[in-house]
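Chemist: okay, sequence plus prediction incoming.
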Amino acid sequence: MHAPNFRLDGKIALVTGSSTGLGKAMAFAMGAAGAKVAFNYANNQARAEKTFAEYRALGFEGELFRASVIDEGEVNALVKDITAQLGAIDILVLNATPLQPLKTIEDYDWAFYQSMLDFFVKSPYLLTRAVLPSMKARRSGRILSITSEVFKRGASPFSAYVAAKGAQIGWSRSMALELAPFNITVNMIAPGWIPVERHDSDPQHEKDAYLSRIPMNRWGVPSDIGGACVFFASDAAAFLTGNDIHVNGGVTVG
């Protein structure tokens, strides 16, 4: 009987949207577990370079790549560049996200709904399609879809984001069954509201109201998501697929 293996030594991981927030925490956690991590950003080069410098200063391995994950040509080039510089991708973390304003349905337009679908359905589709030939050939792979508790909670006024996250969950469940025969797992991590940089200006009364609903009576921190990510990416989770784990201190129990 062997102890579970939570290490990621020798693995190549791509974490989209990893220059800040939860993506940064997941990338750092996988680097600490031994993976070579491909950091990805789309717009803020200075911030991405600062994050990657912090990562390298810890002695972790990887490279930094710019690409829009909703552009087919850039996604294909990204996977090609990572494979050339680091090796074939073993772990794909679908994390990149746009801004998520709360609006009533009257205040949204279809273009905004479409932008949500682009990030949470089109991007996972493009990225997964690009990494699958290598994963299928090696009959091995981990795909981690970062979803959200908002779908189960029916959070409002937030319909565009909630609808797109629901679509992402459905897509992930279907992919889990489609790819299981190839020993490629597809699992979902659904964070609760975990304050990161983009939440700095959120109203304090909204933060207080959410905290009051957390049974564990504390805020989640980015490393909580990093730990779940490493688990699903590791050999310890080799027989788990199609799962949606809610990392939110019990908010969505029941």
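Modeler: Alright, I've got the coordinates.
Chemist: how about low-confidence regions in the stretch 101-250 of the chain?
Modeler: Where the stretch 101-250 of the chain drops to pLDDT under 70, the residues are 198-199, 201.
Chemist: show me where the chain has helices.
Modeler: Under the criterion DSSP state H, the chain contains helices at 21-32, 45-57, 72-85, 110-117, 123-138, 150-153, 159-179, 204-211, 222-233.
Chemist: most tightly surrounded among the ones you listed?
Modeler: Ranked by average neighbour count under the criterion mean count of other CB atoms under 10 Å, these are headed by helix 21-32 at a mean of 25. Using the backbone N, CA and C atoms, a C-beta is placed for each residue, glycine as well.
Chemist: how about residues contacting that one?
Modeler: Helix 21-32 is contacted from outside by 8, 11, 13, 15-18, 37, 39, 51, 55, 58, 60-62, 91, 93, 95-96, 146, 191, 194, 196-198, 222-223, 225-227, 229-230, 233, using CB atoms under 8 Å, 6 or more residues apart in numbering.
Chemist: ok, back up a step: got JSON lines for the helices of the chain, with distance to Asn248 too?
Modeler: Shown next, in JSON lines, are those (distance: least, CB to CB, whole Å):
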{"stretch": "helix 21-32", "distance to Asn248": "12"}
{"stretch": "helix 45-57", "distance to Asn248": "25"}
{"stretch": "helix 72-85", "distance to Asn248": "30"}
{"stretch": "helix 110-117", "distance to Asn248": "21"}
{"stretch": "helix 123-138", "distance to Asn248": "21"}
{"stretch": "helix 150-153", "distance to Asn248": "9"}
{"stretch": "helix 159-179", "distance to Asn248": "14"}
{"stretch": "helix 204-211", "distance to Asn248": "10"}
{"stretch": "helix 222-233", "distance to Asn248": "9"}
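Chemist: those helices: which one's closest to His246?
Modeler: For those, distance to His246 was read as CB to CB. The smallest value, 7.3 Å, belongs to helix 150-153.
Chemist: can you name every helix or strand that that closest one contacts?
Modeler: The helices and strands touching helix 150-153, judged by 3 or more CB pairs under 8 Å, 6 or more residues apart in numbering; DSSP states H and E, are helix 159-179.
Chemist: so the helix it packs on versus helix 123-138, what angle?
Modeler: Helix 159-179 and helix 123-138 are oriented at 10 degrees to each other (axes from the mean of the first three to the mean of the last three CA atoms, to 10 degrees).
Chemist: helix 110-117 and helix 159-179, what's the angle between them?
Modeler: Going by the same axes, to 10 degrees, helix 159-179 is angled at 40 degrees with respect to helix 110-117.
Chemist: among the helices of the chain, which is nearest Ile245?
Modeler: With CB to CB as the criterion, Ile245 lies closest to helix 222-233 of those, at 5.9 Å.
Chemist: from the middle of its chain, how far away would the closest one be?
Modeler: Relative to its parent chain, helix 222-233 has a centroid offset of 10 Å by CA atoms, centre = their mean, to the nearest Å.
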